[in-house]
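Visitor: When you get a sec, could you give me coordinates for this:
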Amino acid sequence: MKTKLLAVLRDNELARDGLVFLLLVVVVLVLRSAVLRAIGRSKLDVDDQLRWRTQVRNIAIIVLGLGAVVVWAKELHTAAISVAAVAAALVLATKEFIMCLMGSTLRASGGGFRVGDRIEVAGVRGDVLDIGPLTTAVLEVGPGQSIHQRTGRKITLPNSVFLTHPVTNETMSDEFVLHVLRVPLTADADWRTARDKLASIATERCARYVDDARRALAKASPGGVKTHLISTEPAVYLEVPEPNRVELLLRFPAPARQRGRVAQQILRRFLDDPAVDDDEPSDGPPPVSGSHA
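Guide: Residues are numbered from 1 along each chain as shown. Just a heads-up that it's a prediction; the model follows:
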């Protein structure tokens, strides 16, 4: 029997470590009991005895903990590697899920946009239809930056995109926006006449929006922003993007859902198109109704 026990302890490292730890526990408990008896027989007052008993108990627990770490070091190392491997695999498997939740949290905490806003992110531009914990659905608008008609395509974005790409919200106000229309000209064109003509057309077309847009933008501006510094009057600026080319940049106020319609009317009048219909369909009603998300 003794021979078998020795053989088991020699061949089984786990059993050998268990026996060592058991002996350590016995030794610590025996020493603890001896010290406690010595404290009880001492002439220390009751408070000091309680204090020493507490310290002895804590020392015994620390010794047992350190002993367990030393004795079971190999097994603990193997277990830690296994746990780390499982954790790493779990993180890799759920990486996109976690990033989508983080992106949703970032959007909610920052208040970057709401359902009904027109946004652009990662090359996708459209009206927000729905915001979920993992995805955001938008109704595509375009094509390009100059067209504001809906294409009829619904695009679902993973919320993880908000962690790596900036989001442009084109609807600071639900009612009015300040829109930019680009008109390219050749360098030898009479840009002064073109500028004055474009400004005159825009001023006439947008006169009814100036005051309402100013009030709407002031209402939508966050606290502390000096909204009186935001001009809503139509204005034309010059830009030279490359040699032999001049661009007129017209900034004008317009209803949020009619910016494309107003831009087309101004552009057609600028090009002397007589078939300009003020009742041309708007960019479309808001994609959803009800409260914002």
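Visitor: Now stretch 47-54: buried residues?
Guide: For stretch 47-54, burial by neighbour count (16 or more other CB atoms under 10 Å) applies to W52. For every residue, glycine as well, the C-beta is placed using N, CA and C.
Visitor: Kindly report the same for stretch 193-213.
Guide: Buried residues in stretch 193-213, defined by neighbour count with 16+ other CB under 10 Å: 194-195, 197-199, 201-202, 205-206, 209-210, 213.
Visitor: Keep only those of these that are in helices.
Guide: When DSSP state H defines the helices, the subset of the buried residues of stretch 193-213 inside them is 194-195, 197-199, 201-202, 205-206, 210, 213.
Visitor: May I see the domains of the protein written out as residue ranges?
Guide: Dividing the chain into domains by automatic domain parsing, as the record does, gives the ranges 2-92, 96-169, 176-270.
Visitor: Turn those domains into a markdown table, columns for mean pLDDT.
Guide: Compiled in a markdown table, those are given as follows (pLDDT from 0 to 100):
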| stretch | mean pLDDT |
| --- | --- |
| domain 2-92 | 78 |
| domain 96-169 | 84 |
| domain 176-270 | 83 |
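Visitor: What ranges does the stretch 101-250 of the chain have for its helices?
Guide: With DSSP state H, counting those that start in this stretch, the ranges of helices along the stretch 101-250 of the chain come out as 161-164, 191-206, 210-220.
Visitor: possible to save these as TSV with distance to A256?
Guide: Conversion of the helices of the stretch 101-250 of the chain to TSV gives the following (distance: least, CB to CB, whole Å):
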stretch	distance to A256
helix 161-164	22
helix 191-206	14
helix 210-220	9
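Visitor: Run through who's touching stretch 37-57.
Guide: Here stretch 37-57 makes contact (CB atoms under 8 Å, 6 or more residues apart in numbering) with 32, 35-36.
Visitor: repeat for stretch 91-100
Guide: Stretch 91-100 is contacted by residues 133-135, 158-160, 163 when judged by CB under 8 Å, 6+ apart.
Visitor: PyMOL command for the buried members of the residues you listed?
Guide: Selecting in PyMOL just the buried members of the contacts of stretch 91-100, where the criterion is 16+ other CB under 10 Å, is done with this command:
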select buried, resi 135+158+159+160
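Visitor: of the contacts of stretch 91-100, closest to E170?
Guide: The shortest approach to E170 among the contacts of stretch 91-100 belongs to N159, at 19.6 Å (CB to CB).
Visitor: now that closest one, nearest residue through space, not along the chain?
Guide: In this structure, N159 finds its nearest non-sequential neighbour in G103, 3.6 Å apart by CB to CB, 6 or more residues apart in numbering.
Visitor: For the one you found, grab the count of nearby residues.
Guide: Close neighbours of G103, defined as other CB atoms under 10 Å, add up to 23.
Visitor: so how far is D117 from it?
Guide: Distance from G103 to D117, counting by CB to CB, to the nearest Å: 16 Å.
Visitor: Show me what V124 is bridged to.
Guide: For V124, the beta-bridge assignment (DSSP bridges) gives partners V121.
Visitor: and of the helices of the stretch 101-250 of the chain, who's closest to G65?
Guide: Across those, G65 has its closest neighbour in helix 161-164 (41.1 Å, CB to CB).
Visitor: re the thing from before, just put the ones in helices among the buried residues of stretch 193-213 in a markdown table and tack on distance to A80.
Guide: Shown next, in a markdown table, are these (distance: CB to CB, whole Å):
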| residue | distance to A80 |
| --- | --- |
| A194 | 73 |
| R195 | 72 |
| K197 | 76 |
| L198 | 70 |
| A199 | 72 |
| I201 | 73 |
| A202 | 69 |
| R205 | 71 |
| C206 | 68 |
| V210 | 68 |
| A213 | 63 |
